[in-house]
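Q: Predicted coordinates and the sequence they were generated for:
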Amino acid sequence: MKITAARVIVTCPGRNFVTLKIETDQGVYGIGDATLNGRELSVVAYLEEHVIPVLIGKDPRRIEDIWLYLYRGAYWRRGPVTMRAIAAVDVALWDIKGKVAGMSITDLLGGASRDSVLVYGHANGADLESTVDAVGKYIDMGYTAIRAQSGVPGVNLAYGISRGTLHYEPADAALPTETVWNTSRYLDFCPKLFDALRGVYGFTHELLHDGHHRLTPNEAAQLGKNLEPYRLFWLEDITPAENQEAFRHIRQHTTTPLAVGEIFNTIWDAKDLIQNQLIDYIR
């Protein structure tokens with residue numbers, strides 16, 4: 001079996017979703033997701049100019065060999081664009097292997113281990129009252145876990161608060177939005193938000209919150225400590241994760257569960273955090 005063609009499919013102008021389709025000489029094809037939120041077309045160029053040309057003629061069943069070739073064979077490694085492109089190839093090749101074997105990828109990798117999974121909804125509002133109402137709407141829809149984000153008094157256009165009809169504001173697709181931030185107001189306001197939520201809805205539902213990498217390690221430790229009475233399911237991205245050692249400081253000062261990882265590019269970015277038990281959830 002040989003790879004004969006591959007093409008990139010871009011859909012949804014204004015918020016692009018990118019799919020890689022790999023075709024073989026036996027008529028079997030595989031698809032993989034290549035979407036990089038807000039920078040989708042960068043991955044398109046990487047795939048079309050640097051990845052697809054070297055795939056033609058290769059055996060699609062040699063998934064590990066192809067992954068290592070794409071990762072180690074290029075001088076410039078890692079990074080979100082490179083890893084997103086390689087991930088799309090990887091999934092597309094597994095899709096081909098599963099179709100040839102007549103099995104789902106889940107079964108190829110050992111089978112299912114859960115019958116269901118906990119999911120959460122994004123509840124946000126311009127202020128405390130509207131966020132409390134938004135959480136209630138998700139509870140009415142049947143969600144047992146809700147992430148609560150709110151505008152902060154005195155802070156205009158806080159990131160992560162939808163300014164349109166979406167439940168969640170995605171990453172900027174054009175130039176980054178420039179805003180003015182006030183950490184002290186946020187640190188003062190955030191515990192009040194969760195105090196209000198627990199006061200209205202009690203402790204039956206899981207509540208989550210995203211700090212969007214805004215705080216220093218010491219500020220993050222303060223917030224985690226102040227949120228302990230409200231038993232968050234997790235506090236996410238509370239400080240920039242480039243400095244993984246910072247999470248040791250935060251961990252020493254709060255028992256609020258910590259989550260991080262959605263902007264990581266490889267498993268090695270999470271190695272020390274997991275090995276040293278500095279976080280509770282990898283995103």
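A: Good, I have the coordinates.

Q: Glu23 falls within a helix, correct?
A: No - under DSSP: H, G, I helix; E, B strand; the rest coil, Glu23 falls outside any helix and is assigned strand.

Q: On the pLDDT front, check it for me.
A: Here the pLDDT value assigned to Glu23 is 98.

Q: One more: Ser42?
A: Ser42 carries a pLDDT score of 93 in this model.

Q: Can you list the residue ranges for helices in the chain?
A: 40-46, 52-55, 63-72, 80-101, 105-108, 128-140, 183-201, 217-227, 246-253, 271-275 (DSSP state H).

Q: For the first one, which outside residues touch it?
A: Translated: helix 40-46. The contact list for helix 40-46 (CB atoms under 8 Å, 6 or more residues apart in numbering) reads 8, 10, 16-18, 34-36, 81-82, 84-85, 88, 173. Any C-beta I mention is one placed from the backbone N, CA and C, and that applies to glycine too.

Q: Mark which of those residues are buried, thanks.
A: Those of those that meet the buried threshold are Val8, Asn16, Val18, Ala34, Thr35, Leu36, Val81, Thr82, Arg84, Ala85, Ala88, by 16 or more other CB atoms under 10 Å.

Q: Taking those together, which two end up most distant?
A: Largest separation among the buried ones among the contacts of helix 40-46 by CB to CB: Asn16 and Thr82, giving 18.2 Å.

Q: Output the below-cut-off pLDDT ranges for this structure.
A: Per-residue confidence of the chain (counting by pLDDT under 70) places the weak regions at 13-15, 159-160, 162-173.

Q: How is it divided into domains?
A: Following the assignment in automatic domain parsing, the chain carries domains at 3-108, 121-282.

Q: JSON lines for these, including distance to Asp115?
A: As requested, these are exported to JSON lines (distance: least, CB to CB, whole Å):
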{"stretch": "domain 3-108", "distance to Asp115": "13"}
{"stretch": "domain 121-282", "distance to Asp115": "16"}
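
Q: Looking at the ones you listed, spot the one closest to Arg114.
A: Proximity to Arg114 (CB to CB) singles out domain 3-108 among the domains of the chain, at 10.7 Å.

Q: Could you check how far Arg214 is from Tyr230?
A: Using CB to CB, to the nearest Å, we find Arg214 at a distance of 19 Å from Tyr230.

Q: An error on my part: the question was meant for Asp188.
A: 15 Å.

Q: Just want to know which of those two has more residues nearby.
A: Ranked by neighbour count (other CB atoms under 10 Å), Asp188 and Tyr230 place Tyr230 first, with 19 against 14.

Q: Looks like the more buried one contacts Leu197 (just checking).
A: Yes - in this structure, Tyr230 is within contact of Leu197 by CB atoms under 8 Å, at 7.4 Å.

Q: what sits in contact with each of those two?
A: Both Tyr230 and Leu197 are contacted by Leu207, under the criterion CB under 8 Å, 6+ apart.

Q: coming back round to it: distance to Val155 added to the helices of the chain, as a markdown table?
A: A markdown table is the format used below for the helices of the chain (distance: least, CB to CB, whole Å):
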| stretch | distance to Val155 |
| --- | --- |
| helix 40-46 | 29 |
| helix 52-55 | 44 |
| helix 63-72 | 41 |
| helix 80-101 | 27 |
| helix 105-108 | 44 |
| helix 128-140 | 13 |
| helix 183-201 | 6 |
| helix 217-227 | 15 |
| helix 246-253 | 23 |
| helix 271-275 | 29 |
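
Q: Just give me how far stretch 223-236 sits from the chain centre.
A: If you compare the mean C-alpha spot of stretch 223-236 with that of the full chain, they lie 20 Å apart, counting by CA atoms, centre = their mean, to the nearest Å.

Q: OK, contacts around Asp107?
A: Taking CB under 8 Å, 6+ apart, one finds Gly98 in contact with Asp107.

Q: Distance check, it against Leu93.
A: From Asp107 over to Leu93 (counting by CB to CB), the distance is 16 Å.

Q: And Leu109, by the same measure?
A: When distance is defined by CB to CB, Leu109 is 13 Å away from Leu93.

Q: These two: which is more packed in?
A: Per other CB under 10 Å, whichever of Leu109 and Leu93 has more neighbours is Leu93, with 24 against 11.

Q: ok, now which ones touch the more buried one?
A: By CB under 8 Å, 6+ apart, the contact set of Leu93 is Ile22, Gly30, Gly32, Pro60, Arg61, Ile63, Ile66.
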